Structures are given as C-alpha cells and as structure tokens.
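Curious how this folds, go ahead:
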Amino acid sequence: MFKKAAVFTDIHFGLKSNSKMHNQDCEDYIDWYIKTAKEHGCETALFCGDWNHNRNSLNLTTMDAGIRSLEKVGAAFDNFYMFAGNHDLYYKDKRDVKSTEFAKHIPGVTVIDEIWEQDDVALVPWLVGDEWKKMSKIKSKYLFGHFELPSFYMNAMVQMPDHGELKADHFKHQEYVFSGHFHKRQKQGHVHYLGNAFPHNYADAGDDARGMMILDKENNAEPLYINWDDCPKYRNTTLSKLLDPTSGLIKPKMHLRVTLDIPISFEEAGLIKETYIRDHGCREITLISQRQTEEMNTDLDISQMASVDQIVSSEISELDTEQFSKKMLLDIYNGLEW
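Next up, the predicted model:
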C-alpha cells in the first residue's frame with residue numbers, strides 16, 4: 001500500500017465557530033506538513049479522521065479552506081488516504097452522511113468509507129453499530145483508525161473511563177495501532193494515539209507535542225514523530241511569571257490565561273494585554289482571579305461514565321443557567337452535534 005507514509009489527524013476545519021484564524025492555522029499546518037513529509041521522502045499521505053469540526057453543517061469559508069488543503073495534499077503525494085472521524089459524520093450510528101464526501105472528487109484523494117485492508121495495512125473509519133466486533137479478526141500488521149479506547153487520555157486532564165465495548169486487547173494481531181480521536185499524543189503497548197494536528201484550545205495547554213508521524217514501512221522503522229514548532233500555543237500562567245523577563249514564557253501565536261497573583265489596576269490590566277499582543281505576537285490574554293482559577297481546576301469525576309457522550313451530557317445537566325434550556329442543549333447534542 002505504501003513505502004513511507006506521513007500520517008496526521010484531527011485538524012478540525014471550522015473549529016471555534018468557523019474562526020478565520022483557526023482555518024488559516026489549518027492551511028498553514030498543511031503547508032508545513034507537505035514540506036516536511038516531502039523532505040523525509042514520503043510518497044503517501046494518510047489522515048485518521050475529523051477533517052471538519054461541525055457535524056451539522058459546513059460553513060462556506062471553512063469548506064473553501066478545506067478544499068484548498070485537500071487539493072494541495074492530493075497533488076503533493078502519489079496517494080492520499082483519508083477516512084471519517086466522529087466529527088465528520090452527521091449521525092452517531094451510521095456513516096452514510098458525512099462532510100468529507102466531496103473529497104472523493106478531488107484528484108489524488110481516496111476516501112475510505114468502510115473497513116478496508118490491503119497488504120499489511122488496515123484503515124478503519126469511526127466504528128458504528130457492532131463493527132467493534134470485527135477488530136479482533138483483522139490481521140494486518142498496521143492498523144489505522146479513529147477509536148475511543150478506555151484508559152487513554154482524551155486530553156492532558158481527562159482520562160477515558162475503563163468502560164465501553166472496544167478495548168485495546170481487541171487488536172491482538174497488530175504490531176502497531178495508530179488512532180485519531182483523542183488529542184493528546186500518547187502510547188500504551190502497541191496502541192499509539194497520534195494527537196491532533198496542532199493545539200486547539202486550553203485542553204492542550206502546555207503540551208505542544210503535536211504535528212505528524214512518519215511511518216517508514218519499507219525499512220521496518222519505528223514511528224517518527226515530528227512537531228510543528230510554529231503551532232499556536234496555549235498556556236496557563238500567573239501574572240508574576242508573565243512579567244518576569246527571565247521566564248522565557250512568551251512565544252508568537254500564544255493564547256494565555258493569566259491568574260492575577262499580584263494586584264493591578266484596571267488601567268494596568270488593559271496596558272498589559274495591549275503590550276503583549278502588540279509587541280510579542282500573543283493572540284489572546286485573559287486575566288482571571290485566583291478564585292476563577294480554582295473553580296476551573298475543579299476535577300470532573302468521570303470514573304463512572306461510560307463514554308464521551310455521558311461526560312458531555314453530565315456537564316450540560318450541571319449548567320447553572322436560566323438563559324438556555326438544558327433539554328434543548330441535550331437534544332441538540334444528541335441529535336446533531338455528537
């Protein structure tokens with residue numbers, strides 16, 4: 001199927017309400033990805049799910065950015081294989097309506113709609129129904145998918161509970177399993193979560209190990225992870241550390257949540273934000289009180305929850321708001337935005 005592949009996942013075009021900045025970050029990432037992959041002699045590109053973010057609709061500016069990027073990748077490689085993640089699907093439990101369908105018409109792009117095996121490689125889109133039962137029967141050495149496996153971290157803070165039907169043990173014939181879906185790069189045994197293409201929000205704060213993976217199958221080499229050094233970055237810090245010129249904290253494209261551990265006036269707060277955005281290339285600085293920080297750091301007990309569905313549903317149910325109907329929000333999530 002391939003000799004040397006450049007693999008990436010979870011880019012999420014259209015994130016942050018179809019943010020122009022995020023979509024530009026996606027396009028900048030694609031330029032870096034192609035350049036880096038070609039420097040390493042990769043002839044094949046492989047994407048492991050969640051090209052788009054919104055499951056319900058596709059904004060035209062987001063579609064435009066996504067198509068340009070698909071055309072670039074399709075033209076740069078001998079083959080570009082991609083399959084759907086959960087965010088690419090309209091329905092929870094079937095793959096017949098997806099936002100990546102149009103990619104089939106782009107030269108060089110192969111969209112994998114079903115579980116697919118060739119030579120010693122298997123490609124597995126987001127599993128629906130009882131497809132998880134088929135995983136133990138796949139005998140390919142290399143398996144790529146978009147899985148929700150227990151005990152792995154969804155992000156730097158939240159670990160997936162040990163529940164659910166699909167387990168890492170089902171991949172008993174593989175030497176390597178590579179997955180999208182969870183955004184933290186991590187490895188347990190022979191299962192590798194690749195991590196999202198680049199940090200997307202404060203769930204990725206302090207963890208810039210994002211980019212791509214190169215698999216040199218021809219030389220039977222171990223996976224090579226390469227970070228995108230120019231990626232957007234997220235940090236939680238304190239005002240005293242921010243103002244310390246020796247901290248080395250500030251980088252371009254940085255988003256900052258700054259806890260006010262020293263007193264400042266309203267005017268000083270405005271000046272700090274303006275200075276760091278204007279002179280240091282920061283994108284965002286949010287100043288928060290220590291009390292707000294303590295509330296944000298309150299741990300969510302997910303030990304008895306079986307899936308991401310339950311975690312999100314629990315969070316919606318706990319909202320303290322009269323502005324929105326919790327039932328309406330749950331209906332939207334369950335019917336459209338899973």
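
in the protein, which ranges drop under the pLDDT threshold?
By pLDDT under 70, the weakly predicted segments of the chain are 292-328, 330-338.

what helix or strand is Leu287 on?
Assigned by DSSP states H and E, Leu287 belongs to strand 284-288.

Tell me which residues of that strand come out buried.
Of all the residues in strand 284-288, those buried under the rule 16 or more other C-beta atoms under 10 Å are 285, 287. (Each C-beta comes from the backbone N, C-alpha and C, glycine too.)

now swap in stretch 276-296 and tell me
Neighbour counts over stretch 276-296 (16+ other C-beta under 10 Å) mark 276, 282, 285, 287, 293 as buried.

Show me the helices in the protein, by range?
For the chain, helices defined by DSSP state H occupy the ranges 15-18, 20-39, 60-76, 239-242, 266-280, 290-296, 308-317, 326-335.

To Met160, which of the ones you listed lies closest?
Judged by C-beta to C-beta, the one of the helices of the chain that comes nearest to Met160 is helix 308-317, at 7.8 Å.

circling back: just give me the closest of the buried residues of stretch 276-296 to Lys72.
Set against Lys72, the nearest of those by C-beta to C-beta is Cys282 (28.8 Å).

who's in contact with the closest one?
Listed by C-beta atoms under 8 Å, 6 or more residues apart in numbering, the contact set of Cys282 reads 250, 252, 254-256, 276.

Looking at these, which one is closest to Asp50?
Among the contacts of Cys282, and counting by C-beta to C-beta, the member closest to Asp50 is His255, at 20.7 Å.

May I have the beta-bridge partners of that closest one?
Beta-bridge pairing of His255 under DSSP bridges involves Tyr234, Glu284.

My guess is it contacts Gly281. True?
No. If you go by C-beta atoms under 8 Å, His255 and Gly281 don't touch, sitting 11.4 Å apart.

Tell me the one of the buried residues of stretch 276-296 nearest Ser69?
Cys282 (26.0 Å).

separation between that closest one and Phe171?
Note on Cys282: its distance to Phe171, by C-beta to C-beta, to the nearest Å, is 42 Å.

Okay, strands next: where are they in the stretch 51-200 of the chain?
79-83, 109-112, 116-118, 121-124, 142-145, 176-179, 186-188, 191-193 (DSSP state E, counting those that start in this stretch).

residues of the longest one that come out buried?
Spelled out, it's strand 79-83. Applying 16+ other C-beta under 10 Å to strand 79-83 flags 80-83 as buried.

With stretch 13-33 instead?
13-15, 18, 22-23, 25-30, 32-33.

next one: stretch 84-103
Applying 16+ other C-beta under 10 Å to stretch 84-103 flags 84-90, 95, 98-100, 103 as buried.

from those residues, which is closest to Lys133?
Arg95 (16.6 Å).

ok, the closest one - contacts?
84, 89, 113-114, 125-126, 128.

Put the buried members of the residues you listed into a PyMOL selection.
Applying 16+ other C-beta under 10 Å to the contacts of Arg95, the buried members can be selected in PyMOL as follows:
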select buried, resi 84+89+125+126
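
In CSV, list the contacts of Arg95 along with distance to Leu243.
Shown next, in CSV, are the contacts of Arg95 (distance: C-beta to C-beta, whole Å):
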residue, distance to Leu243
Ala84, 46
Leu89, 46
Asp113, 53
Glu114, 55
Pro125, 48
Trp126, 45
Val128, 51
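
Would you point out the most distant pair within the contacts of Arg95?
Top of the distance list for the contacts of Arg95 (C-beta to C-beta): Leu89 and Glu114, 13.4 Å.

isn't Ile67 right up against Ser99?
No. Using C-beta under 8 Å, Ile67 is not in contact with Ser99, being 11.6 Å away.

Residues in contact with both of the two, list them for me.
With C-beta under 8 Å, 6+ apart, Ile67 and Ser99 have no common neighbours.

The nearest residue to Tyr176 once chain neighbours are set aside pairs with what?
Taking C-beta to C-beta, 6 or more residues apart in numbering, and ignoring the residues beside it in sequence, Tyr176 has Tyr142 as its nearest neighbour in space, at 5.1 Å. With DSSP bridges applied, Tyr142 shows beta-bridge pairing to Val121, Tyr176.

Kindly provide the distance from Tyr142 to Leu149.
Distance, Tyr142 to Leu149, using C-beta to C-beta: 17 Å.

Hmm, Tyr91 is touching Lys98, no?
No. Counting by C-beta under 8 Å, Tyr91 does not reach Lys98; the two are 9.1 Å apart.
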